[in-house]
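> Build the 3D model from these lines:
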Amino acid sequence: MSFRCFKQWLKYASIPSFAVLVSILIAEFYSTTAQTTAKGGIDWILVVDTSASMRGVGGTKDIFAQVQNSITEFVNTARVGDKVTLYTFDQDVTLHIKDIAINSNPDRGKLKEIIKSLQAQGVRTHTGKAVQKALQHSGLLSQKADALGRTVSIVFLTDGVEDVRGIPNPVSIPSNTQLLRQQQCKPYIFFVSLGLKEHEKQLNDFANNPALCNKGRVLRDPGGVQLNQLAQNIRPVLVKPKLDVNSPKTELERFLPGTTTKPLNIDSLSNVNAKVGLRLEDPNQSGIRLIAPNKDVDLVANQPTVIPVQLQIPPEVRGGDPDLRLVMTAKNKAIAPITIDLPVIIQPKLAIQPGSIDFGSIDPGKTTETQTLVVSSNISGKANLQLQDNPPEISLAQPLAPISLQVGETKIPVQLQVTDNSSEGQHTFKLIIIPDDPIANPITSQGSLNILMPLGRKLLIWLVIALLLLFIVLIAICLIQRKTPWELIHDLQTRNHLEGELEILEPLPISPEGQYISLTHRQVNKIPLSMLIPEIDATKTDAELVTIWRAGKKNIDLYCVQGVILINSQKITTSELYDQDIIELAQVKLRFNWIGNQRP
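You can find the predicted model right below:
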């Protein structure tokens, strides 16, 4: 009876019949592994709850004596070659029996005496640590020299409710998941829940952990009323040998024609030692061949085996899904053949000729001559031709409808349309063919087209461009200078004029108005000081103010014409003037004022 059948039966079974099913289920696990033990048997790890609740403390039902009787009956039915390990757990875990081999009745008697001496007096139920100890011992068993021919089965008998109050650093049930992964689907685990109340939810989660490879079960027997039947049904008839496989756990693999595939890993598991052969079914007769494995594969009982499969893809194969199936047949005729769908896709292979097309020269508003593209493909179906990176004035005149691709060569006539307002010059773009098949890659050809333009239109365009640029430059200058165009014109006219003013310090003029002389209002680019201040004529000295531009900056220099000229008490022949500079010509003393032009 399979686990799937058991699950359906459980849904509708009554409580009395449930325990019978429990015993049959465990028996099936045993019978599944019994075929693989030509050199050995089963390593049983029994883990018994000895908390006080098992004997009725706290209002529960006293079931501990019944549990002891059930384990004793189990020992009576154990086969020669089996081994038994016994743990008990409450607030801690205790090892009572370790790998006792059953070779004779005295061995059974020794085990039964130990079972009879067990007592349920613990104050807590440390289920997580019990799981940890059992899995650690299972790991040690799997490392022994004879582990390959043996099966490990862990059976927990508990009232189902974990209680770790007051226990320092308790081990949680889920924390043992890593121990499961390390043992690679080796042990079978049964949690027999005996409590009258709902059992520990974590037991369900742990038993259904993927790392157990469907070898874990939580079984309910409230009050332990049917435990004795568990022992009575422990040795049923051997089950039929069985082979399980899983398809490669990947998305559809894509392979190019004319290549060898990378290994496609098939996960397999047999409950008996078996030799299997593989055969490729190719209903579409694509010519794909199986090249590995090229011989039979040996499967060891209950040991997961990965079978790498490689295929040879012929160069002329058609693209798409070849609908390949792998048939695995065991030499043992009792094992039914298994068919596996291979996730293989042949990559569509498309090519385009020529790689570039010149559509020549054309006037605006015209249609080009027809050019032909040739597509080579290993698939058939629909495709669309599109222009990419093309200016908006160039468009497809044909084809406008989808293209029908054929296996082999497909010829595609192509014409382009140019609008009336097209821009002159050589234009390049891409002609892209996009297949409807989502696994096929687009293919591209480069296109070029020279658009001509009449001379009158050229001149008009250049004139408009020149005026536009002039207008833009004028606006930019106005914004930068923060002036109107008329102000800019005035600035150009007065660009070389002197600026600032002279302040007469000695001798002071008679009227205050005569103390300041504006250079800006003179609107000249140079002037002698003697023309501005008559008193200078009598000193036999003179100097000239001149506008000079240096590095794009306007400067005002003073040139000595005759006599001795001092600026800021320094004798000069030529000097650049700055705001607040003092000029001395004999008895005449002046200050040059030009705000914003301070001496560095």
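
> Could you tell me the end-to-end distance of stretch 53-70?
18 Å (C-alpha to C-alpha, to the nearest Å).

> If you count neighbours, what's buried in that stretch?
For stretch 53-70, the neighbour count (16 or more other C-beta atoms under 10 Å) marks Ser53, Met54, Arg55, Thr60, Lys61, Ile63, Phe64, Gln66, Val67, Gln68, Asn69, Ser70 as buried. Placement of C-beta: from N, CA and C, glycine included.

> ok, of the residues you listed, which one's closest to Val297?
Lowest distance from Val297 to the buried residues of stretch 53-70 (C-beta to C-beta) belongs to Ser70, with 41.9 Å.

> Double-check that the closest one belongs to a helix.
Yes - under DSSP: H, G, I helix; E, B strand; the rest coil, Ser70 falls within a helix.

> Just the pLDDT for it.
Looking at Ser70, its pLDDT is 82.

> do the same with the one 5 residues further on
We note a pLDDT of 83 for Val75 in this prediction.

> Surely it is in a helix?
Yes - assigned with three-state DSSP, Val75 falls within a helix.

> who are the neighbours in contact with it?
Taking C-beta atoms under 8 Å, 6 or more residues apart in numbering, we find Val75 in contact with Val84, Ile102, Arg108, Leu111, Lys112, Ile115.

> Wait, a helix at the third one?
Yes - with three-state DSSP as the criterion, Arg108 is part of a helix.

> Apart from its chain neighbours, what residue comes closest to Leu111?
Computed as C-beta to C-beta, 6 or more residues apart in numbering, the closest residue to Leu111 that is not its neighbour in sequence is Val75, at 4.9 Å.

> So that neighbour versus Phe156, what's the distance?
Going from Val75 to Phe156 by C-beta to C-beta, to the nearest Å gives 17 Å.

> and which of the contacts of Val75 is nearest to Lys430?
Using C-beta to C-beta, those come closest to Lys430 at Val84, 76.4 Å.

> What helix or strand is that closest one located in?
Per DSSP states H and E: Val84 is located in strand 83-89.

> And Asp557, by the same measure?
Assigned by DSSP H and E, Asp557 belongs to strand 553-562.

> follow-up on the earlier one: as TSV, the contacts of Val75 with neighbour count and pLDDT would be great.
Output for the contacts of Val75, formatted as TSV (neighbours: other C-beta atoms under 10 Å; pLDDT from 0 to 100):
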residue	neighbour count	pLDDT
Val84	24	92
Ile102	19	87
Arg108	18	88
Leu111	23	89
Lys112	16	90
Ile115	22	91
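
> My understanding was that Val276 contacts Ile266; is that so?
No - here Val276 does not reach Ile266: they are 10.3 Å apart, not a contact under C-beta atoms under 8 Å.

> intersection of neighbour lists for the two?
Residues touching both Val276 and Ile266 (C-beta under 8 Å, 6+ apart) are Met328.

> circling back: neighbouring strands for the strand holding Asp557, and are they parallel or not?
Using DSSP bridges, the strands paired with strand 553-562 are strand 542-550 (antiparallel), strand 574-576 (antiparallel).

> next one: that strand to chain centre, how far?
Computed by C-alpha atoms, centre = their mean, to the nearest Å, the separation of strand 553-562 from the middle of its chain amounts to 74 Å.

> Going toward the C-terminus from it, what's the next helix or strand?
The C-terminal neighbour of strand 553-562 among helices and strands, as given by DSSP H and E, is strand 565-567.

> What is the subsequent helix or strand relative to that following strand?
Once the chain leaves strand 565-567, the next helix or strand it forms, by DSSP H and E, is strand 570-572.

> For that next one, which residues meet the burial criterion?
So strand 570-572, judged by 16+ other C-beta under 10 Å, has buried residues Ile572.

> Return the list of helices and strands in contact with it.
On a contact count with 3 or more C-beta pairs under 8 Å, 6 or more residues apart in numbering; DSSP states H and E, strand 570-572 meets strand 565-567.

> again, only using 6 Å
If you count contacts as 3 or more C-beta pairs under 6 Å, 6 or more residues apart in numbering; DSSP states H and E, strand 570-572 packs onto no helix or strand.

> Run through who's touching that strand.
Ile565 (C-beta atoms under 6 Å, 6 or more residues apart in numbering).

> That strand: how far from the chain's middle?
For strand 570-572, the distance to the chain centre is 79 Å (C-alpha atoms, centre = their mean).

> Please identify the pairing partners of that strand and their relative orientation?
Sheet pairing here is set by DSSP bridges, and for strand 570-572 it gives strand 565-567 (antiparallel).

> need the longest helix for the chain.
Identified as the longest helix of the chain according to DSSP state H is helix 455-481.

> now the closest residue to Cys560 other than its chain neighbours: how far from Asn265?
Excluding its sequence neighbours, the residue lying closest to Cys560 (C-beta to C-beta, 6+ apart) is Thr573, at 4.8 Å. Distance, Thr573 to Asn265, by C-beta to C-beta: 97 Å.

> quick one, which of those two is more surrounded?
Neighbour count, other C-beta atoms under 10 Å: between Thr573 and Asn265, Asn265 has more, with 15 against 10.

> gap between the closest residue to that one other than its chain neighbours and Leu488?
Distances taken as C-beta to C-beta, 6+ apart put Val306 closest to Asn265, at 5.0 Å, once the chain neighbours are dropped. Distance, Val306 to Leu488, by C-beta to C-beta: 84 Å.

> What's the local residue count around the nearest residue in space to Ile352 that is not next to it in sequence?
Leaving aside its chain neighbours, Ile352 sits nearest to Ile443 (4.6 Å; criterion: C-beta to C-beta, 6+ apart). Other residues near Ile443 number 19, with proximity taken as other C-beta under 10 Å.

> now Ile100
For Ile100, using other C-beta under 10 Å, the count is 19.

> One more: Ile567?
For Ile567, the neighbour count with other C-beta under 10 Å is 20.

> got the phi/psi numbers for the nearest residue to Leu585 once chain neighbours are set aside?
Take Leu585 and drop its neighbours on the chain: the residue closest to it by C-beta to C-beta, 6+ apart is Thr541, 4.5 Å away. For Thr541, the backbone dihedrals (degrees, to the nearest 10) come out as phi -130, psi 160.

> from memory Thr541 sits against Leu566, does it?
No - counting by C-beta atoms under 6 Å, Thr541 stays clear of Leu566, with 10.1 Å between them.

> Between these two, point out the one with more neighbours.
Neighbours per residue (other C-beta under 10 Å) separate Thr541 from Leu566, with Thr541 holding more: 20 against 16.

> List the contacts of that one.
By C-beta under 6 Å, 6+ apart, the contact list for Thr541 reads Gln562, Gly563, Leu585, Ala586.

> mind checking pLDDT for the third one?
Leu585 is assigned a predicted lDDT (pLDDT) of 91.

> rewinding a little: tabulate the strands paired with strand 553-562 (CSV), appending mean neighbour count and distance to Leu387.
Formatted as CSV, the strands paired with strand 553-562 follow (neighbours: other C-beta atoms under 10 Å; distance: least, C-beta to C-beta, whole Å):
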stretch, mean neighbour count, distance to Leu387
strand 542-550, 17, 56
strand 574-576, 16, 65
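
> mind putting those strands in JSON lines, distance to Pro509 included?
Output for those, formatted as JSON lines (distance: least, C-beta to C-beta, whole Å):
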{"stretch": "strand 542-550", "distance to Pro509": "19"}
{"stretch": "strand 574-576", "distance to Pro509": "25"}
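
> got CSV for those, with mean pLDDT too?
Converted to CSV, the strands paired with strand 553-562 look like this (pLDDT from 0 to 100):
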stretch, mean pLDDT
strand 542-550, 92
strand 574-576, 92
